[in-house]
Structures are given as structure tokens and as C-alpha cells.
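Coordinates only, no sequence provided:
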């Protein structure tokens, strides 16, 4: 019975893990009502009373060009802005970003990571381009030659301004830089003397998206006070507008984010962008004839009734970094960007686990060994529960023959026969007399399972493990390239199954269990992150040591003798 219960929990674990992406993909998520471009135009036409704060914002970002003036560059030029964290290359064609390199991170080729997805940006726009509801106007604004206030190389702190005017349209885009990942953005577009709703955008994914799964991890995220919404790809409608207060809003993937933090959070609007793209199936050896379709997400955020004044955070989803970015408009929650990291349902366990793991890393400076140390401590802390589970399993197996005798006595009665209740009563009295709890072996397992789920959630969100090496593993956030750890999980589980006394189980069922469970778990872990497999495999090794010790106790020896006696009877 106990082994069957363990099988039920193991299968439940498999179902939860396998169906997690499906649930995220198809379960309905709360979403603010989207406003179509047509409704947006009507909303713009409605008169609104401007507050004093709005007036100040408008004055701060208003273009200095007078109506009817012309101001255009004669040739394309570039301006490079850098600090210790990034190196941004602007072009005056569209006053947008051609390259956004993060100096402290690298790509899969071990080159400095460029967060601009050039394959997608060539089709759908580059970062800090302007998004308007009029496509012709949008193309004009993002292809015109702006006059830049400076060219060459600019070191932070600093500021660069781009201006363009052709008599009908006057545009001003200003960017300020300091020593953080956040860039201050001010944009304003006037058309024939009227303000145009033109939002700065991050329109086309990220440069670290090299695989099909990395595109699938993209989301549109936004927060207002304590409410955080995470829209998966299937929930994003391209070109839809959300008119509601935002403390921050933007696009993210598994490890990086580009989110806008508007100064006027009460009058902000978010345009969700979703476009199709064909990418090589094998990024290491790209073949134009062998591609697969993906969706690229983007976001544009701005003020629908005036110039946009905001900050844009472009950088890693590292907890310590996000906690250092102030968002003073948040009420009822932490006033920073920590909400960008989604630790999932088990976040109450996963976040403290990560903080503890990071604290351990600060001492030994290797994430793999930090996981090993943390796994050892967790398993030692859970040892009383495991011992209780093992004892309960051994006691249950000890009385299994007596339970079978009781079942044999009542098997002639149907399931609906009232006398079947007498069987349950006899079994309950037997278990009470022998000191066996019906849930004694299951409850400790149930308590242990959340730690495995939390570790799975934590490692999926921990940027720190990206490209972190340990022994033969180059990246603890990716599958083991040689699958040594999944194979280790298979063999350690196989060994545990064979060494665990199972006196109450039929030999044929025991053989099936001894093979099926390890194969199932080995298959399940084949493409898991190496960090999770390391935690799992080491936990199995510790459990083996504990089982060896338990088997040497008087109860363990008794169960092995019962198992041997039962096997001899079967042979006769």
C-alpha cells in the first residue's frame, strides 16, 4: 500500500511539472480591457482637464521647435553612450537604438550580450523608436534623419537630444544617462500644432533569444501598486492598448527586461506588440531553409494626452539589481522592480531559498558548490521527516500480511455491501494496535515535495545561474550537456528502489516499480536545468545513505528477513 501511495505522489509530481507550462499557457489571466486604436482616437478627441503636474511634464518635454520650422540632418550618424554597465549605440535615423550591449553579461557564443534582437528589429523596429496609431506616420518618424545634439562617444552621466521638423511635424526625443541601468526618456510629437500620441517602444524582443523556448518565455508584465499582471504570448493581442495606471510596464523574457517607469503613472497607456518571425531551428548552425515560426513580443508605453516623460530599465532580472531601482509611485508594495521576477506559486519558499543560495555563493564563489551545500543542509533538516517516513513504511510492510488476510476474508462481498465497512474497521484497529499511521509515510513526503517544486521555480528565475559553470557543466541554468546528472538520478533511484524493503508487495509488482519509477524520473529530468538535477541527484545520494542506516536497524533487519521469507514461499 505504501509503495502505491508513493507511486501516486510521484505521478502527481510528474503531472504538475509537465502541465505547468500548459496551465500558464491556457488558464485565463486577469487583464484590463483593451482599447482599440479606433477607441483610442475617440478618447484623444475628448477634452481633458490637465492637472498642474501634467502641465509641468508637458513643459519639460515640449519640443523647442516652433510651428512651421524645419530641422533635418543631411546624413546618418551614430552616437555611443556608455557607462560601466552598458554601451548603447544610437543612430540619428529615427533617433533610435541600433545596439544595446550589457557589459557584464555574454551571449551563448561568449560574446558581450547585445539585447537588441537584430533579426526581429529589422522587421518591426528598434528600441526607443516611436509607436503611433497611424502606420504611415510611424514609419516616417522612425526613418527620418534627426539632428543630434552630439555625436561620437558620450560617457555617463550625460544627455543627448534628437530633433526633427519638416513644417508639419515637430519631434523632440531626449535621453539622459547615469551610472545605473535606467535611462531617462522624454518624447514629444506635434503635428500641425496638435499633440500626437507617440509612445517610446521596445518593439521586438531581446538579443538573448536564440532558441524556440527562449521566445516562448516572453511576457508582457505590468504593475500598479500591489497588482502585477503577467501576460503570456497567447494572451497578448498585437496593437491593443491598455489605458490604466501603471507603475511600470514592459516586455520581459526569462532573464532580461525592458520596462518603462512613467513619471505620470495615472495617465499612462501600454500598447502590446506581437509579431510573427521565422527563426532557425538550430541557432548554432543556422539554415535559412530550416526555420520555425515564433512570436516576438514588444511594448510601447507613454502618455496618451501629452508628452511622455519616463525612465526605461533595460537590464537583467537580477533580484539585487531590481531592488535598487526606485519606483516611488507604488503604494502598498515594495517601491522597486522586484516584481519582475516571478517565483511562481511556491514563491514563499523559492525567494528565501534563493536569498540563502546567494548568501552561500558570496562565501564560496561558485553556484554549483553553493547548491551542493544548500542541498546537504536542506536534507539534514528534513532528515527527521524522512526517518519518520521510512519507519512508517517499514511498519506498514510489517503488518501487510495481516492486512491481506483481512482483505481475503471480505473479498467475497461486493464494494457496496455494508459488511465491507467491517473490513475497514478491522484494518483500522490493526494499524492502531501496531502503532501505524495511515498517513505516516505520506505526510513527510508531502512536506518535502514543496522544496523540490520551489527549487524548480527558483532555478527557472535565477539569472545568477545563467552561464554559471560547475565541474563539467558550463551553464547551470541549461540541461547537462552530457546528461550525466539525469543518468545519475536514474541510477540513484534504481538503487534506492532495490535496497528498500518491500515485504508487502508482490514480486512482479516490485520488479515493475523498481524499473518504472527510475526510468520515469530519469526521463523527466533529461532536459531539466543542471542546477535542479544537481539538487535532485545529491538528495537521492543522501537518501541512500539514510536508507542504508535505516536498513541496519532492528526494524530494517526484520523487514529484510520477512522479504526473504516471502520470496522463498513464492519460489515453492
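That came in fine, so what should we check first? The structure presented is a predicted model; accordingly, all values stated were derived computationally and were not measured.

chain center to stretch 150-161: distance?
Centre-to-centre, stretch 150-161 and its host chain are 34 Å apart (CA atoms, centre = their mean, to the nearest Å).

Can you tell me what sits against it?
77-83, 90, 92, 148-149, 172-179 (CB atoms under 8 Å, 6 or more residues apart in numbering). C-beta coordinates here come from the backbone N, C-alpha and C atoms, glycine included.

Of these, which count as buried by neighbour count?
For those, a neighbour count by 16 or more other CB atoms under 10 Å gives the buried set as 77, 79-83, 90, 92, 148, 172-177.

Identify, from those, the entry nearest to residue 198.
The shortest approach to residue 198 among these belongs to residue 173, at 9.6 Å (CB to CB).

Would you confirm that that closest one contacts residue 183?
No - contact criterion CB atoms under 8 Å: residue 173 and residue 183 do not qualify, at 11.6 Å.

Need the phi and psi values for residue 306.
When read as degrees, to the nearest 10, the backbone of residue 306 gives phi -170, psi -170.

Against residue 206, how distant is the residue lying closest to residue 148 once chain neighbours are set aside?
Closest residue to residue 148 apart from its sequence neighbours, by CB to CB, 6 or more residues apart in numbering: residue 92 at 4.8 Å. Separation of residue 92 from residue 206 (CB to CB, to the nearest Å): 24 Å.

so what does the helix or strand encompassing residue 222 touch, helix or strand wise?
If you go by DSSP states H and E, residue 222 is part of strand 219-224. Counting contacts by 3 or more CB pairs under 8 Å, 6 or more residues apart in numbering; DSSP states H and E, strand 219-224 packs against strand 227-232, strand 248-252, strand 268-280, strand 291-303.

after the first one, next one along is what?
Right, strand 227-232. Using DSSP H and E, the helix or strand that follows strand 227-232 in sequence is strand 240-243.

residue boundaries of the strands in the stretch 251-400 of the chain?
Counting by DSSP state E, counting those that start in this stretch, the stretch 251-400 of the chain has these strands, from start to end: 256-262, 268-280, 291-303, 308-316.

quick check: mean pLDDT across the strand holding residue 222?
Averaging pLDDT along strand 219-224 yields 95.

Direction included, what does that strand pair against?
The strands beside strand 219-224 in its sheet (DSSP bridges) come out as strand 227-232 (antiparallel), strand 248-252 (antiparallel).

so the shortest one versus strand 308-316, what angle?
It refers to strand 248-252. Orientation of strand 248-252 against strand 308-316 (axes from the mean of the first three to the mean of the last three CA atoms, to 10 degrees) gives an angle of 40 degrees.

Quick check: buried residues in strand 248-252?
Buried residues in strand 248-252, counted by 16+ other CB under 10 Å: 248, 249, 250, 251, 252.

partner residues bridging the third one?
It refers to residue 250. As for beta bridges, residue 250 partners with residue 221, residue 259 under DSSP bridges.

That one touches residue 301, doesn't it?
Yes - using CB under 8 Å, residue 250 makes contact with residue 301 at a distance of 6.7 Å.

Now the common contact residues for the two.
Residues within reach of residue 250 and of residue 301 at once, by CB under 8 Å, 6+ apart, are residue 260.

For residue 35, report the pLDDT, please.
Listed pLDDT for residue 35 reads 38.

And residue 279, by the same measure?
Looking at residue 279, its pLDDT reads 89.

low-scoring pLDDT stretches of the stretch 301-450 of the chain, where are they?
Residues of the stretch 301-450 of the chain meeting the criterion pLDDT under 70: 390, 393-394, 414-415, 437-448.

Residues in contact with stretch 368-378: which ones?
In this structure, residues lying in contact with stretch 368-378 by CB under 8 Å, 6+ apart are 353, 356-357, 360-361, 364, 451, 468-471, 473, 476, 531, 534-535, 538-539, 542.

at 7 Å what do you get?
Identification of contacts with stretch 368-378 by CB atoms under 7 Å, 6 or more residues apart in numbering yields 356-357, 360-361, 364, 451, 470-471, 473, 476, 531, 534-535, 538-539.

just the buried ones among the contacts of stretch 150-161 now: which is nearest residue 320?
Nearest to residue 320 out of the buried ones among the contacts of stretch 150-161 is residue 83 (CB to CB; 17.8 Å).

distance of the residue nearest to that closest one when sequence neighbours are not counted from residue 174?
The shortest distance from residue 83 to any non-neighbouring residue, by CB to CB, 6+ apart, is to residue 156 (3.8 Å). Relative to residue 174, residue 156 is positioned 15 Å away (CB to CB).

How about residue 188?
Distance of residue 188 to residue 174, given as CB to CB: 9 Å.

before we move on, what about residue 347?
38 Å.

try residue 84
23 Å.

try residue 223
26 Å.

Residue 117 too?
Noted for residue 117: a distance of 25 Å to residue 174, by CB to CB.

do the same with residue 158
Separation of residue 158 from residue 174 (CB to CB): 11 Å.

One more: residue 186?
Distance, residue 186 to residue 174, by CB to CB: 4 Å.

now swap in residue 527 and tell me
Taken as CB to CB, the spacing of residue 527 relative to residue 174 amounts to 46 Å.

Make JSON lines from the strands paired with strand 219-224 and add distance to residue 461 to it.
Below are the strands paired with strand 219-224 laid out as JSON lines (distance: least, CB to CB, whole Å):
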{"stretch": "strand 227-232", "distance to residue 461": "12"}
{"stretch": "strand 248-252", "distance to residue 461": "11"}
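
Any idea which of these gets closest to residue 424?
Across those, closest to residue 424 is strand 227-232 (CB to CB), at 46.0 Å.

Now do the buried residues in the closest one.
By neighbour count on 16+ other CB under 10 Å, the buried set for strand 227-232 is 229, 230, 231, 232.

any idea which of those residues is closest to residue 388?
Lowest distance from residue 388 to the buried residues of strand 227-232 (CB to CB) belongs to residue 230, with 38.3 Å.

That closest one bridge partners, please.
Here residue 230 sits in beta bridges with residue 221, going by DSSP bridges.

Provide a list of residues in contact with it.
Contact partners of residue 230, counting by CB under 7 Å, 6+ apart, are 219, 221, 342.

Please name the nearest non-neighbouring residue to residue 117.
Closest residue in space to residue 117, ignoring its immediate chain neighbours: residue 205 at 4.3 Å, by CB to CB, 6+ apart.

who's in contact with that neighbour?
Residue 205 makes contacts with 117, 120, 218, 296, 297, 298, as judged by CB under 7 Å, 6+ apart.

And the contacts of stretch 516-531?
For stretch 516-531, contacts defined as CB under 7 Å, 6+ apart pick out 10, 14, 17, 371, 459-460, 465, 473, 476-480, 483, 485-487, 489-490, 493-494, 497, 533, 536.

Any chance of a markdown table for the strands of the stretch 251-400 of the chain, columns distance to residue 200 and mean neighbour count?
Below are those laid out as a markdown table (distance: least, CB to CB, whole Å; neighbours: other CB atoms under 10 Å):
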| stretch | distance to residue 200 | mean neighbour count |
| --- | --- | --- |
| strand 256-262 | 7 | 26 |
| strand 268-280 | 11 | 21 |
| strand 291-303 | 6 | 23 |
| strand 308-316 | 6 | 24 |
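
Quick check, residue 107 in contact with residue 113.
Yes - Residue 107 lies in contact with residue 113 (CB atoms under 7 Å); the separation is 4.8 Å.

what do these two both touch?
Listed as contacting both residue 107 and residue 113 by CB under 7 Å, 6+ apart are residue 208.

Of the two, which one has the most company?
Set side by side, residue 107 and residue 113 show more neighbours around residue 113, with 22 against 15, by other CB atoms under 10 Å.

Lovely, talk soon.
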